[in-house]
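Peer 1: just the structure for this:
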Amino acid sequence: MKLMKKIFGVVLIIFIILALLLSYAVYHFFYDLNAVKPGEKISESISPNGEYKITAYLNNGGATTDFAVLCQLDDGQHVKNIYWNYHCYSAEIVWEDDDTVIINGVLFENVEKDTYDFRRDK
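Peer 2: Alright, predicted model coming up:
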């Protein structure tokens, strides 16, 4: 009886670890915007006060997928992905003020906090 409890406990722990690893893998590959790698640089734009720079990249997914655009925000200390759109070939970046930008019609009212990912945002 004690052996069965030990085996059950070990199997349960292994199952929990595998479930956590699978959950992390799904999040990383399907939902984490910062896991997207840049492709070919197509444009860049600097905010009016010079505090931020947004660089746009064109990603070629290969023969089975269409092009996508990734935009990264650089604040001088950190670079993070803020815009990811599929079936997209260019990036029109328009600064409204020092913290507000429009990328391909998507408004970022706070460029440091707002993001757009076609997989989640419609």
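
Peer 1: give me phi/psi at Asn81?
Peer 2: phi -80, psi 130 (degrees, to the nearest 10).

Peer 1: and Phe118, what does it touch?
Peer 2: 68, 84-86 (C-beta atoms under 8 Å, 6 or more residues apart in numbering). Just so you know, the C-beta spots here come from the backbone N, C-alpha and C atoms, and that holds for glycine as well.

Peer 1: next SSE downstream of the helix or strand harbouring Ile14?
Peer 2: Ile14 is part of helix 2-30 when elements are defined by DSSP states H and E. As assigned by DSSP H and E, the chain's next helix or strand after helix 2-30 is strand 40-46.

Peer 1: only C-alpha atoms, please: export that following strand in CSV.
Peer 2: Provided in CSV are the C-alpha atoms of strand 40-46 (Å, rounded to 0.1, in the frame of the first residue of the first chain):
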residue,chain,number,x,y,z
GLU,A,40,14.6,42.8,-42.4
LYS,A,41,14.6,46.5,-41.2
ILE,A,42,12.2,48.5,-43.3
SER,A,43,11.9,51.8,-41.4
GLU,A,44,12.4,53.7,-38.2
SER,A,45,10.9,56.8,-36.5
ILE,A,46,12.1,58.9,-33.6
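
Peer 1: so which elements touch it?
Peer 2: strand 53-60, strand 93-95 (3 or more C-beta pairs under 8 Å, 6 or more residues apart in numbering; DSSP states H and E).

Peer 1: which one of the ones you listed lies closest to Glu112?
Peer 2: Nearest to Glu112 among the helices and strands packed on strand 40-46 is strand 53-60; the distance by C-beta to C-beta comes to 11.7 Å.

Peer 1: quick one, the very next helix or strand once past the closest one and strand 53-60 angle?
Peer 2: Per DSSP H and E, the first helix or strand lying C-terminal to strand 53-60 is strand 67-74. If you take axes from the mean of the first three to the mean of the last three C-alpha atoms, to 10 degrees, strand 67-74 sits at 160 degrees to strand 53-60.
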